[in-house]
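Chemist: quick one: sequence and predicted model below, then my questions.
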Amino acid sequence: MVVLEAPAVKVYESPKAKCVKCGAPARIRLSYANAWFCDKHFKEYVKERVKNNIIKYNMVKRGETLLVAVSGGKDSVTLMNVLDEIAPELGVNIVAVHIVLGMGEFSEKSLEAFRDSCSKAKNVKCVTVDLKELLGMYMPEIIRRSRRPACSVCGLVKRYILNAMAVSLGASSIATGHHMNDLMTYAIKNFMEQKLDNITKLGPVSESEGSAVKRVRPLYDIYEDETRAFVKVYGLNYVDIECPFKSTLTLEVIIKDMLSRAESESPSLTISAARALARNLPSYPRPASPPNRCRLCGMPSNGDVCGFCRLTMSLTGAPLGPEVRSRIEGMMSSLRTS
Ligand SMILES: [Zn+2]
Ligand SMILES: [Zn+2]
């Protein structure tokens, strides 16, 4: 990864200019917006944009429940902090979920960051799910035994748990902390592979193709440099070590790097592209297969039996979908908000 001369957002140790909002000394430089912000107004600026995204893209409505997946990384910690502050204005219930994956130090630090965010939150209810308690084993063992690529197995298990929780809670959507740089990187990769129907899953909202409820990405047009600045300026605890299963030089890494260089040469290129993509997505092809219901557990599935039931059958000899769903039902009963 190259160190860029001009990141989209840079935080200086001491003020260098005046805040565009209030004229106070400012140390946060937003190249893409050609603006300086004081510590207070940078937060206001990020909060406003997240709030606007939630309203504009109809991510969750007044009175509804939003489930937010918090890994403990800088992006989900930023999202949780912002949601905690704007939840009363929006009139929505926020439930934050952290899944303990059992990946050594990475998972310990992730849980620590999540707990820290929970202890500060005023308007977010927190739930921790321990994978071993739920499935009898942690992620490294699941990955080893499944003999499938780590990210695809991990993604499948986490998706299933989040979907089951959303259904149990009666939540209307699931939010993740994906920021614009990652979403645009995946979009470019899918464009290169001409998998245009995959690009529709990378917008601010994707309707429930293969998912129990809609997926929403409130950080859709937030730069990664902004979440990096956010945790730094407001002193939020987050996990800064990479997942031990993440491979280092993938096509994604190369594209992301390329995108940062392009942004550095042409500030606001990424945010303009992301917003244009959001407008144009309705004309993109949509994934073909209408979701079925798994005959074993009742959750959305492409075939007769869902991926999670098939995976757990190969791991333990029995499909764990029905059991996991009933355990989650028990966990959620105390949290139900309606
Ligand atoms: Zn200011
Ligand atoms: Zn199933």
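Modeler: Here it is on my side, so go on. Numbering: from 1, shown residues only. Ligands and ions are numbered 1, 2, ... in the order given.
Chemist: okay, now the unreliable bits of the stretch 101-250 of the chain?
Modeler: The stretch 101-250 of the chain contains residues with pLDDT under 70 at 208-210.
Chemist: that one: helices as residue ranges?
Modeler: Along the stretch 101-250 of the chain, the stretches classed as helices by DSSP state H, counting those that start in this stretch are 104-120, 131-135, 139-146, 150-169, 180-192, 196-199, 224-233.
Chemist: against residue 92, how distant is residue 84?
Modeler: 11 Å (C-beta to C-beta, to the nearest Å). From N, CA and C alone the C-beta is placed, and that goes for glycine too.
Chemist: out of these two, which sits in the more crowded spot?
Modeler: residue 92 (22 against 19; other C-beta atoms under 10 Å).
Chemist: three-state assignment of the nearest residue to the more buried one once chain neighbours are set aside?
Modeler: Leaving aside its sequence neighbours, residue 92 sits nearest to residue 60 (C-beta to C-beta, 6 or more residues apart in numbering; 5.0 Å). Secondary structure, DSSP: H, G, I helix; E, B strand; the rest coil: residue 60 is coil.
Chemist: show me what contacts residue 60?
Modeler: By C-beta atoms under 8 Å, 6 or more residues apart in numbering, the contact list for residue 60 reads 54, 66, 90, 92, 172-173, 175, 216.
Chemist: go again using 7 Å as the cut-off
Modeler: Neighbouring residues of residue 60 by C-beta atoms under 7 Å, 6 or more residues apart in numbering: 54, 66, 92, 172-173, 216.
Chemist: what's the neighbour count on the residue of the stretch 151-300 of the chain found nearest ligand 1?
Modeler: Closest to ligand 1 within the stretch 151-300 of the chain is residue 233: 12.5 Å, counting by C-beta to the ion. For residue 233, the count of nearby residues is 16 (other C-beta under 10 Å).
Chemist: next: residue 86.
Modeler: 17.
Chemist: what's the answer for residue 265, then?
Modeler: By other C-beta under 10 Å, the residues close to residue 265 number 11.
Chemist: how much space between it and ligand 2?
Modeler: The gap separating residue 265 from ligand 2 is 48 Å, by C-beta to the ion, to the nearest Å.
Chemist: same check on residue 108?
Modeler: 31 Å.
Chemist: show me the contacts for that residue.
Modeler: Residue 108 touches nothing, counting by C-beta under 7 Å, 6+ apart.
Chemist: please apply the same query to residue 200.
Modeler: Residue 200 sits next to 206, 281, 284, 286 when contact means C-beta under 7 Å, 6+ apart.
Chemist: check residue 236 too.
Modeler: Shown in contact with residue 236 (C-beta under 7 Å, 6+ apart): 77, 81.
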